[in-house]
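K.L.:
A predicted structure for the sequence below; I have some questions about it.
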Amino acid sequence: MAEPLRVAVRRGSFVESVHEVHGVAVRDGETVVSFGDPSLTASLRSSAKPLQALPLARAYPELGEEELAIASASHYATPRHIEAVRKLLAATGGSEDELDCGRQEGRPQEAIYDNCSGKHAGMLALARHHGWPTAGYEVAGHPVQDRIMSAITTWTGLPASEIVLGVDGCTVVRLFSSRSTDLLDKARATTTEEVDDSMNKLEDDSYNQQSDPNDLEKDELSNPPKK
């Protein structure tokens with residue numbers, strides 16, 4: 001195993017700190033090059049946002065590109081970005097008051113200006129589509145987070161046991177994995193048809209396992225009215 005990269009931060013001639021960097025490059029499921037520990041558990045951070053938005057795109061096929069894009073990425077709180085978040089909320093029956101992403105330093109102190117507000121708006125929309133409670137949508141164990149995790153594991157084939165959950169700075173569930181590069185390589189290589197097949201399987205499995213029609217784990221096939 002190659003040694004980790006070491007990055008030195010200098011102030012003049014003085015070395016202030018040295019950072020170890022572990023990394024791996026994956027192509028078509030095969031490791032191309034690595035340094036340090038390629039199996040080190042790491043956070044997917046914002047690269048997970050497009051994966052987390054998969055159930056949203058499936059639930060709301062009528063959403064425009066801007067709404068889907070803002071739900072799948074961080075933003076700089078420009079007027080265009082804030083408008084996109086508001087459009088997503090308006091299109092799915094949500095409100096800014098429901099956003100539970102905190103306040104970001106250096107920006108207007110309203111939740112919608114947080115760089116993750118688009119992702120949060122998408123999660124609220126998913127809860128509303130299924131008739132799930134909107135309160136606590138960002139917390140592990142809420143049906144929204146369970147559905148997102150099921151979508152990711154079904155689509156990628158990565159077992160849930162290999163994905164570790166934490167809490168992000170915006171309060172929502174953060175994903176960690178020792179195979180994050182495998183997961184992201186899969187994301188880049190997957191076609192639209194493969195995503196559809198995986199999501200169909202998820203919905204079929206959810207429907208077949210449903211025993212109580214009033215259970216929170218409703219399937220999209222039940223098509224509850226949007227609130």
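P.N.:
Cool, got the structure.
K.L.:
got the contact list for the closest residue to residue 117 other than its chain neighbours?
P.N.:
Nearest non-adjacent residue to residue 117, counting by C-beta to C-beta, 6 or more residues apart in numbering: residue 85, 5.1 Å away. Just so you know, the C-beta spots here come from the backbone N, C-alpha and C atoms, and that holds for glycine as well. Residues near residue 85 by C-beta atoms under 8 Å, 6 or more residues apart in numbering: 70, 75, 112, 117, 118, 121.
K.L.:
in CSV, list those residues along with neighbour count, pLDDT and distance to residue 19.
P.N.:
Shown next, in CSV, are those (neighbours: other C-beta atoms under 10 Å; pLDDT from 0 to 100; distance: C-beta to C-beta, whole Å):
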residue, neighbour count, pLDDT, distance to residue 19
70, 26, 96, 32
75, 19, 95, 27
112, 20, 97, 34
117, 30, 96, 30
118, 30, 96, 30
121, 31, 97, 34
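K.L.:
just the ones of these in helices?
P.N.:
Of those, the ones assigned to helices by DSSP state H are 70, 117, 118, 121.
K.L.:
thought residue 119 was touching residue 52?
P.N.:
Yes. If you go by C-beta atoms under 8 Å, residue 119 and residue 52 touch, sitting 6.4 Å apart.
K.L.:
name the residues contacting each of those two.
P.N.:
residue 72.
K.L.:
pick out whichever of these two has more residues nearby.
P.N.:
Between residue 119 and residue 52, counted using other C-beta atoms under 10 Å, the more crowded position is residue 119 (29 against 25).
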